[in-house]
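Asker: structure here, sequence nowhere to be found:
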């Protein structure tokens, strides 16, 4: 007899004479006549209550059935007379699949997030991290569903890259050279002898590859891992994280803002529709204001604010900032959060940034000073999305590359997109983990990714 | 007025008085009175035929509108009197968005795959690689849809790993050390000074991470990039490729075989339902037998064949092999293809391999000689899936680790899964690119991934 998952059992519309459930014991409670087991199989937050009487087959194993043990239970699904659940399982046969002895680290209910990071292989067995992983999975699916419905094709940008010209951050090097004995040529490492015959790094963004494909397929998005070799020990930064990067041909900055706003709202709605129980755990125990935050994001059109106006608001703010602001300075998280949390109290899209603080590929505005960049700022997180219209005019792009002293010959293929059938196009990057932090209220990126990688941390 | 995509326009049920389409010119043909443009915007294989008369606004630009140029066309969608298309666009206004001059490499219709690899940024603009990328996107979505419908949660295994004990192949090293001047300690590279404070590599498999999560969430799958630093220049091997790795708790080898077979059949059906036009291109121009192959895979249950029987068949085969076969030797592609293409003429799942040729984590069978491994073999490709039941018995697993001289202390967390609530579980890995080769008939892995990475090749 095949086992049925708890999530399906709890939706049963009638009693079931005989079924098998397999899962892990979350709690065990003994009365005079019965043992009550709360069974969780990871399929949902809720447990199935199982009642084992002394005459059940396998009852003699009960001494070895404790928190964390894996069991297989056969019995009848009946209406529960007790509070808090509709159904319970009257067990006829108990099989012990795997014990968990007194050293099992998740015996006690409450552990700090810091401790749970040291047992990241077990933390998904807790209510909180089980819920997080289910939300992560459903949010990931939602990303694919949203973009597909909008006519976007999922493309896979390369992870290993030969250009260090993406310019989005410090890169990890990749090599097969013997690090104890690196071959040299003119005092430098001889990459001619390396696997690829040249320097290789981990990608910081799939954007340039996505642009190639958007200029053929029209609308594409990547959803893959990206990397930063930055020694940042903040709750918002990890060395490895997943990023969603849509890219649209025949689109301008306004289309881009529309897409970003639609995407965030669609995904939040998708989670509210599909992960209600798991989200409620976070609303109850992690961030009491979670649902108010999410409802507020859905309620109104996002504010769209030129950078110059943002600077004026910040200069006039009735508080001081650690970093002073003036036209030409980049916005820090404190500024971003002030705009979205305090001033507007809703998401804000800041656009038209000074060209000096943005990347070479962003489209130069007619004022010659600003570029068609946009950042979407949300409460608690600050920047969730960063994007831009891309410079599609060959001569303007070449001039920018020269101004910045970038190695133009390395961009031959990127410039080709502007040589042959160039089109206005735009796109953005959204950090998947930041989005998860937004929708769960979790404050540390280390707790929204199964096995976080940060400076000096590479466990599991 | 927003532009409408060609894929939507071609499905129109009535004439449309005014619409805008934006795309690239595939061909241009001139008659006395009209210019005929075939417009493709990447949304589908088919083009939209546009007819521009001399009185259309912007007609004076027509000299500069050639193959590869990007245009915006406004006009009326009317029934086409011509052969081969239902609708055509009578253009009232033509705008030239981006020219493509005579140096545009895709002027001519036919190019070799080898040449197109050198312009991988442009090849998605051809019919073949446009179709490939759309199939790739839809197959990718299908993977997510299939597993979600089966109750699996998508999890993200880490890409950077600190253990070189996955044992599936040669690994790339990751570092932030200065390769021209690697710090040393006792003659070895001093990884204490590296980003993670220890050696770091690119993952060869997400399996062990997936096992952690399956032992909490029940059913999970990864779908991410994996890496091999192997100097293999074959049509089947790339240094970077995407792999799908499901893992199921409370499951055995038979469940695993069922899942693999169901998955392949579901995905092929999904593509036949959703990508018919694009698949037909491959059936017509790349592999005339493509649809027969796909139909044959769907037609019957896969053969399930113990390894020992496979060896007997191969030893009795009426042909010679480059590599001789006997019980205890690993099967080569030539053997795999003989079984599936010549002997059975359908997919074959070979299972119960000798433990000596399989990984330490595979579940030991009662005979003490074989393990619960399985490989799914399909025509043209050979091994498409490799998987196993995992050894869930702590003492048996520890003995295997010791027998093989592996560093047991590094597996503390993997062994924990067997210490605490251990359950029978099973899973497999399926190479996404190999699956794409199967469903398109494309013979070289370099042509099913947008920007392939192979030894000495790291372009774009």
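Answerer: Arrived safely, thanks for sending. Everything numeric here is computed off the predicted structure, so don't read it as measured data.
Asker: which regions of chain A lie under the pLDDT threshold?
Answerer: Within chain A, the stretches with pLDDT under 70 are A:1, A:164-168.
Asker: not counting its neighbours along the chain, what's nearest residue A:457?
Answerer: In space, and not counting its chain neighbours, residue A:457 is closest to residue B:196: 6.9 Å by C-beta to C-beta, 6 or more residues apart in numbering or on different chains. Any C-beta I mention is one placed from the backbone N, CA and C, and that applies to glycine too.
Asker: how about the contacts made by that neighbour?
Answerer: Residue B:196 makes contact with A:453, A:455-458, B:160, B:162, according to C-beta atoms under 8 Å, 6 or more residues apart in numbering or on different chains.
Asker: let's see that with 7 Å instead.
Answerer: Applying C-beta atoms under 7 Å, 6 or more residues apart in numbering or on different chains, we find residue B:196 in contact with A:456-458, B:162.
Asker: quick check, it in a helix?
Answerer: No - secondary structure of residue B:196, determined by DSSP: H, G, I helix; E, B strand; the rest coil: coil, with no helix assignment.
Asker: do a quick rundown of the helices in chain A.
Answerer: Applying DSSP state H to chain A gives helices spanning A:6-9, A:113-118, A:127-149, A:207-217, A:253-274, A:276-285, A:290-299, A:307-315, A:333-337, A:394-403, A:412-419, A:432-440.
Asker: can I get the ones you listed in TSV with mean neighbour count?
Answerer: As requested, these are exported to TSV (neighbours: other C-beta atoms under 10 Å in any protein chain shown):
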stretch	mean neighbour count
helix A:6-9	19
helix A:113-118	14
helix A:127-149	21
helix A:207-217	27
helix A:253-274	19
helix A:276-285	17
helix A:290-299	16
helix A:307-315	18
helix A:333-337	19
helix A:394-403	15
helix A:412-419	19
helix A:432-440	23
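Asker: okay if I get those as a markdown table plus distance to residue B:261?
Answerer: Formatted as a markdown table, those follow (distance: least, C-beta to C-beta, whole Å):
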| stretch | distance to residue B:261 |
| --- | --- |
| helix A:6-9 | 23 |
| helix A:113-118 | 38 |
| helix A:127-149 | 23 |
| helix A:207-217 | 32 |
| helix A:253-274 | 28 |
| helix A:276-285 | 32 |
| helix A:290-299 | 41 |
| helix A:307-315 | 56 |
| helix A:333-337 | 50 |
| helix A:394-403 | 50 |
| helix A:412-419 | 41 |
| helix A:432-440 | 32 |
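Asker: need these in CSV with distance to chain B, can you?
Answerer: Formatted as CSV, these follow (distance: least, C-beta to the nearest C-beta, whole Å):
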stretch, distance to chain B
helix A:6-9, 8
helix A:113-118, 10
helix A:127-149, 4
helix A:207-217, 4
helix A:253-274, 9
helix A:276-285, 11
helix A:290-299, 21
helix A:307-315, 27
helix A:333-337, 23
helix A:394-403, 9
helix A:412-419, 4
helix A:432-440, 8
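Asker: list the contacts for the residue nearest to residue A:306 when sequence neighbours are not counted?
Answerer: Distances taken as C-beta to C-beta, 6+ apart place residue A:352 nearest to residue A:306, at 4.9 Å, with adjacent residues excluded. Applying C-beta under 7 Å, 6+ apart to residue A:352 gives the contacts A:306-307, A:365, A:370, A:372.
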